[in-house]
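[1] here's my sequence, what's the structure:
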Amino acid sequence: MAVAYRSSSRTGQSDAYVSSINVPVPTGAAAGDIALVSVSRWESTNPAITAPSGFTEITQVVSGPDKIAIYWKRLTGADSGNYTFSWSGSQWALGQAMLATGVVAS
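    Okay, the predicted model is just below:
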């Protein structure tokens with residue numbers, strides 16, 4: 001099976017001044033899919049992000065007050081609801097998620 005795009009989602013507004021974001025699980029999530037989530041934040045500080053269980057940080061890029069962190073997770077079942085990422089203190093933030101199918105397991 002070839003790697004393919006399944007679906008994507010993002011937080012409800014363009015950005016919000018918050019200490020956590022709830023990124024909707026994209027539709028059609030299935031066991032074996034890879035979820036990629038980006039968390040963008042804008043503020044002078046850079047508190048650590050607490051990711052939901054199962055997510056691993058791939059990278060974080062910081063340029064002055066602009067920050068983006070990318071996380072991934074292989075789904076073991078059909079995830080639903082939201083992926084909640086949190087940190088200390090409020091920051092302007094936005095989250096996006098994408099699901100890919102057919103990704104090699106090792």
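[2] how about the contacts made by the residue sitting nearest the centre point of the chain?
    The residue lying closest to the centre of the chain (CA atoms, centre = their mean) is residue 37, at 2.3 Å. Residues in contact with residue 37 (CB atoms under 8 Å, 6 or more residues apart in numbering) are 23, 55, 70, 71, 72, 73, 83, 85, 95, 96, 97, 98. Any C-beta I mention is one placed from the backbone N, CA and C, and that applies to glycine too.
[3] which SS class is it?
    Residue 37 carries the three-state label strand when classified by DSSP: H, G, I helix; E, B strand; the rest coil.
[4] contacting residues for residue 48?
    87, 88.
[5] need phi/psi at it.
    Per-residue torsions, residue 48: phi -60, psi 140 (degrees, to the nearest 10).
[6] and the pLDDT for it?
    What the model reports as pLDDT for residue 48 is 96.
[7] so how far is residue 38 from it?
    16 Å (CB to CB, to the nearest Å).
[8] one more: residue 8?
    10 Å.
[9] give me the common contacts of the two.
    Counting by CB under 8 Å, 6+ apart, the residues touching both residue 8 and residue 38 are 96, 97.
[10] burial measure for residue 26, as a count.
    Applying other CB atoms under 10 Å, we find 22 residues neighbouring residue 26.
[11] next one: residue 38
    Neighbours of residue 38 (other CB under 10 Å): 16.
[12] check the one 3 residues further on too.
    Using other CB under 10 Å, residue 41 is surrounded by 25 other residues.
[13] list the contacts for it?
    Contacts of residue 41 by CB under 8 Å, 6+ apart are 66, 67, 68, 69, 87, 91, 92, 93.
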